[in-house]
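Asks: sequence and predicted structure, then a few things I'm wondering about:
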Amino acid sequence: MSTPKLVKADVPDDDVTNAPGSASTDARPVREAPPAPPSQSWSQRKASLIGGVALLLLAVVAALANFGAVEAVVTPADSARTAQDLIASEGLFRWGVIGLMAVAILDIVVAYALMVVFEPVSRSVATLAAVFRVAYATVFVVAISQLVSALSLLGDPDETMRAIGEFHTIWDAGYALFGIHLLLIGYLVYRSGFAPRIIGAMLVVAGLGYLVDKVGAVLVSGYALDVSRVSFVGEAVLIFWLLIKGIRRSPASI
């Protein structure tokens, strides 16, 4: 059966009707609807607040868990003393491990929150930045597993010390991924138009600091610089911008 031909009537286009079952096309060009924005469970405003709170909690919990619990029982170059102190403060050490696991989870929350906030700038770059932060969190979890192993090796001080050393080695290696994450976030902040460009520049410097330290440790024997210790300022500024500035903007303007 052939397709019925469309007969143009001498009436305005709005009055043209088609018989049931016939195929027709409107003579006027049809405008395509703009693509729908990506659906997110969080608005940009909500993501800004959650990201800022998560980053603040992350910094506090990481400091307490690492320096207040894990490092408190470690005596460098003295495996016997370390094992003895770990046995004496095993409960504190275990809470430190739990705290570090919570930090890894917060890292994933931050990754998603920053992706939502900066996705309007560049969806691909924001997604890539989130991927690198999640990858860093994954490496961090692997590092934490070495601390769990240390708890089962208390009868062998040398193996206990080795496991704690592996924790630091793996965690330090993961900072290369974290540095790339900061470079990408810095780029997004700089290009955003709704965040101060100086924050973007500071985040790029922070990212480069981590990368310089990690590459330097590989290429230079006895590398002693710690650039990231002074270049991290952009990370702190980002926290306060997300908390103070981000939540004061309307969802449409962030």
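Replies: Arrived safely.
Asks: what about Ala72, neighbour count?
Replies: Other residues lying near Ala72 total 14 when counted by other CB atoms under 10 Å. The C-beta positions use only the backbone N, C-alpha and C, and glycine is treated the same way.
Asks: spatially speaking, which residue is in the middle of this protein?
Replies: Ala111 (2.7 Å; CA atoms, centre = their mean).
Asks: now do the contacts for Val116.
Replies: Each residue near Val116 by CB atoms under 8 Å, 6 or more residues apart in numbering is listed here: Gln40, Trp42, Ser43, Gln44, Ala47.
Asks: dihedrals phi and psi, the third one?
Replies: It refers to Ser43. phi -80, psi 170 (degrees, to the nearest 10).
Asks: what about the helices in the protein?
Replies: Per DSSP state H, the chain carries helices over the ranges 44-65, 79-88, 90-118, 123-151, 157-192, 197-219, 228-231, 233-240.
Asks: wait, the residue nearest to the centre of the chain touches Ala135, no?
Replies: No. Taking contacts as CB atoms under 8 Å, Ala111 lies outside contact range of Ala135: 9.4 Å.
Asks: if you rank every helix and strand of the chain by mean pLDDT, what lands last?
Replies: helix 228-231 (a mean of 83; mean pLDDT, DSSP states H and E).
Asks: hmm, who's touching that one?
Replies: So helix 228-231 is in contact with Tyr175, Gly179, Val205, Ala206, Leu208, Gly209, Tyr210, Val212, Asp213, going by CB under 8 Å, 6+ apart.
Asks: between these, which is closest to Tyr223?
Replies: Taking CB to CB as the measure, Tyr223 lies nearest Asp213 of the contacts of helix 228-231, at 7.7 Å.
Asks: mind checking pLDDT for Gly222?
Replies: At Gly222, the model reports a pLDDT of 78.
Asks: what about it, neighbour count?
Replies: By other CB under 10 Å, neighbour count at Gly222 equals 5.
Asks: swap in Ile199?
Replies: Ile199 - counted by other CB under 10 Å - has 20 other residues nearby.
Asks: so who does it touch?
Replies: Ile199 touches Gly186, Val189, Gly234, Val237, Leu238, Trp241, counting by CB under 8 Å, 6+ apart.
Asks: any idea how far the nearest residue to the third one once chain neighbours are set aside is from Thr75?
Replies: Counting by CB to CB, 6 or more residues apart in numbering, Met202 is the residue found nearest to Gly234 once chain neighbours are left out, at 3.0 Å. For Met202, the distance to Thr75 under the criterion CB to CB, to the nearest Å works out to 36 Å.
Asks: the more surrounded of these two?
Replies: Just comparing Met202 and Thr75: by other CB under 10 Å the higher neighbour count belongs to Met202, 23 against 13.
Asks: how close does the more buried one get to Val53?
Replies: 21 Å.
Asks: kindly report the same for Val125.
Replies: 24 Å.
Asks: again, but for Arg162
Replies: On the measure of CB to CB, Arg162 and Val53 end up 37 Å apart.
Asks: ditto for His181
Replies: For His181, the distance to Val53 equals 19 Å [CB to CB].
Asks: ok, these two, which is more surrounded?
Replies: Ranked by neighbour count (other CB under 10 Å), His181 and Val53 place His181 first, with 27 against 18.
Asks: go ahead and confirm the more buried one touches Phe132.
Replies: Yes. Between His181 and Phe132 there is a contact at 4.1 Å, judged by CB under 8 Å.
Asks: just checking, Trp171 touches Val139?
Replies: Yes. Taking contacts as CB under 8 Å, Trp171 lies within contact range of Val139: 7.5 Å.
Asks: give me the neighbour count for Val148.
Replies: Using other CB under 10 Å, Val148 has 13 neighbouring residues.
Asks: excluding chain neighbours, give the residue nearest to it in space.
Replies: The nearest residue in space to Val148 (CB to CB, 6+ apart) is Val97, at 6.3 Å.
Asks: got the contact list for the one you found?
Replies: Ala65, Ala69, Val70, Ile144, Leu147, Val148, Leu151.
Asks: please redo it, this time with the cut-off set to 10 Å
Replies: Listed by CB atoms under 10 Å, 6 or more residues apart in numbering, the contact partners of Val97 are Ala65, Ala69, Val70, Ile144, Ser145, Leu147, Val148, Ala150, Leu151, Phe167.
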